[in-house]
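1. this one's structure only:
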């Protein structure tokens, strides 16, 4: 056990990442905070003003802040020429996205199916960057749009996240359906086809079903990507001199080179220091950092140009489209703890499960779902939205677990293979099977 | 999680409470990366919840809720340090924290206590919360080199400790 901790970085995570219930003193403090919120909001509602003010602020901010996280993977650029992109985005990506499955027959192709050289209602170009809405599929739970972004200039390399995807953000995106702004959970998963082209599927969760036929308006004011290699300013000469002077004055045998930062040589020097010297060096290094960030305040911006590349729009679209009900079925569930917590219904589309839950304030339950064969159905955007993927969800098993129980088995549960029905039946507070295609 | 954030943004108090409850352990661990005792942590988390509720309208994107919340929490923890200073007396309560604690909690605290204070937060964010070096650098407004250095030192410190004690401890 100890050896694993030393040798394997994940070992540290295993120890520090263990689940447990927070200490009682913390739990009590949280309850106090909730009680205080309750009192204050009640008072402010009574006095007027507060709630109105907050609602205005929230809605204004959220409507203007419809950000997108785009996860993009790399592929062989040589393949790009072989791929007619427009009209085939789902075909290319449907096996890799979270909500995987066969979208043929569901996704509606927008436009002619050929790459477009000029702007039209599906393709808009701003400063050499064209964004094409290629295909769309909307069901009761989500809107899914195939998107191609092409640039005359090569994109900067985009930050690759731990899951192998890269990060693109579209801040302040606005989506309207029949003129009404939609605030929803959203993601864009896709691939860098070549240095100039991204293709991706944007998914927007819908809180409520859209009309059968509707007008969609979409505005993308800006496209940003996390830089793969953020190039921060080097420590300026005067700050390096500050560090070297301070360490010299303190009798600490450490010298920062012209390039700044901690290199291997400095690490060796540090390791050889006494504990007292290390403490002094830490203080000097902290002072250096404070001066550095004072010198470059833009480093502290949420979307600092040091961290993100950006393309300026706006790319605006307005088009008529429709909801597809094929393969969507809803079942009433009515699974309840008898005290107000109720799983009311489950909606199943070809790609996702949407669970409607009524939760009293003091309920601490977590839902888990197994497929017809007892296999775990992956979490999608949330506990209530599951990605069907390759599971047989013609019937599902829904389990309600006490939060404490869930966290005590979470790691084990999510790593288990095979039929988990017996395992969960033993752990769950409540359980129900749902057959989507039975008439009962 | 994002669903809950959306509901909370729409003034759903129950959703907000659930959101904070679900993040309770994350908040606790991050706070433990800065503060040495549970009483201070409780105060910091209580303040964090109140600030999050009050300032929720400043959250630009629901998917960044957790990072936003952690940033507030870190500020509140730092305020606790400034308020109390690094008084040794606050540490005296530590032995009481082990009463009624689960084995997991005790092990977490003991492992963390082996890491120098300065490196704890970075270690928690990296190994527990799963942030990458660059993300931690952004969150804590640190140079990525510094983050790497801290992680290196934390690992090294633990390795040294276990090498010196390992023969007896294993």
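-> Done, it's in. Computed from a predicted structure; not experimentally measured.
2. how about residues contacting the strand or helix carrying residue A:355?
-> Taking DSSP states H and E as the criterion, residue A:355 maps to strand A:352-358. Contacts to strand A:352-358, defined as Cβ atoms under 8 Å, 6 or more residues apart in numbering or on different chains, come from residues A:99, A:140-142, A:340-348, A:367, A:369, A:377, A:380, A:383-388, A:393, A:396, A:398. Backbone N, C-alpha and C define where each C-beta goes, glycine included.
3. can you flag the buried ones in these?
-> Among these, the ones that count as buried by 16 or more other Cβ atoms under 10 Å in any protein chain shown are A:99, A:140-142, A:341-343, A:346-348, A:367, A:369, A:377, A:380, A:383-388, A:393, A:396, A:398.
4. that older thread, within reach of chain B, which of the contacts of strand A:352-358 are there?
-> A:383-385 (Cβ under 8 Å from any Cβ of the partner chain).
5. pLDDT (mean, whole number) over stretch A:401-421?
-> Per-residue confidence for stretch A:401-421 averages out to 75 on the pLDDT scale.
6. for stretch A:346-355, that is, sorry about that
-> Stretch A:346-355 carries an average pLDDT of 96.
7. how long is it end to end?
-> End-to-end distance of stretch A:346-355 (Cα to Cα, to the nearest Å): 5 Å.
8. turn the ones next to chain B among the contacts of strand A:352-358 into CSV, columns for secondary structure, distance to residue A:22 and pLDDT.
-> Below are these laid out as CSV (DSSP: H, G, I helix; E, B strand; the rest coil; distance: Cβ to Cβ, whole Å; pLDDT from 0 to 100):
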residue, secondary structure, distance to residue A:22, pLDDT
A:383, coil, 20, 78
A:384, coil, 24, 87
A:385, strand, 27, 89
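9. and of those residues, the nearest to residue B:29?
-> residue A:383 (20.9 Å; Cβ to Cβ).
10. which ones are touching residue B:137?
-> By Cβ under 8 Å, 6+ apart, the neighbours of residue B:137 are B:143-144, B:146-147.
11. filter those down to the ones in helices?
-> B:144, B:146-147 (DSSP state H).
12. which one of those is nearest to chain A?
-> Within these, distances to chain A taken as Cβ to the nearest Cβ reach their minimum at residue B:146, with 6.5 Å.
13. how about that closest one, nearest residue that isn't a chain neighbour?
-> The shortest distance from residue B:146 to any non-neighbouring residue, by Cβ to Cβ, 6 or more residues apart in numbering or on different chains, is to residue A:289 (6.5 Å).
14. now that neighbour: which helix or strand?
-> Short version, using DSSP H and E: residue A:289 is in helix A:275-295.
15. may I see the buried residues of that helix?
-> A:277-278, A:280-282, A:284-285, A:288-289, A:292.
16. now swap in stretch A:325-339 and tell me
-> So, applying 16+ other Cβ under 10 Å, buried residues of stretch A:325-339: A:328, A:333, A:335.
17. before we move on, back to that, between the buried residues of helix A:275-295, which is closest to residue B:66?
-> Of all the buried residues of helix A:275-295, residue B:66 sits closest to residue A:289, with 24.6 Å by Cβ to Cβ.
18. show me the contacts for the closest one.
-> The neighbours of residue A:289, taking Cβ under 8 Å, 6+ apart as the test, are B:142-143, B:146.
19. looking at the buried residues of stretch A:325-339, spot the one nearest residue A:92.
-> Checking the buried residues of stretch A:325-339 against residue A:92 by Cβ to Cβ gives residue A:328 as the nearest, at 24.3 Å.
20. not counting sequence-adjacent ones, nearest residue to the closest one?
-> residue A:349 (4.8 Å).
21. residue B:105: what's it in contact with?
-> Residues near residue B:105 by Cβ under 8 Å, 6+ apart: A:18, A:20-21, A:23.
22. cool, residue A:368 as well?
-> Contacts of residue A:368 were listed using Cβ under 8 Å, 6+ apart, and they are A:376, A:398-399, A:401, A:406, A:413, A:424, A:428.
23. for residue A:403, same thing?
-> With Cβ under 8 Å, 6+ apart, residue A:403 has these contacts: A:364-366, B:21.
24. need these in TSV with neighbour count and distance to residue A:35, can you?
-> Output for these, formatted as TSV (neighbours: other Cβ atoms under 10 Å in any protein chain shown; distance: Cβ to Cβ, whole Å):
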residue	neighbour count	distance to residue A:35
A:364	14	17
A:365	21	22
A:366	17	24
B:21	18	14
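25. make CSV from these and add secondary structure and pLDDT to it.
-> Below are the contacts of residue A:403 laid out as CSV (DSSP: H, G, I helix; E, B strand; the rest coil; pLDDT from 0 to 100):
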residue, secondary structure, pLDDT
A:364, coil, 75
A:365, strand, 85
A:366, strand, 83
B:21, helix, 93
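26. and of these, the nearest to residue A:104?
-> Minimum distance to residue A:104 across the contacts of residue A:403 is 34.8 Å, recorded for residue A:366 (Cβ to Cβ).
27. chain neighbours aside, what residue packs nearest to that closest one?
-> Going by Cβ to Cβ, 6+ apart, residue A:366 has residue A:406 as its nearest residue, at 3.9 Å.
28. out of the ones in helices among the contacts of residue B:137, which comes closest to residue B:120?
-> residue B:147 (13.0 Å).
29. pretty sure that closest one is touching residue B:139, no?
-> No - taking contacts as Cβ atoms under 8 Å, residue B:147 lies outside contact range of residue B:139: 9.6 Å.
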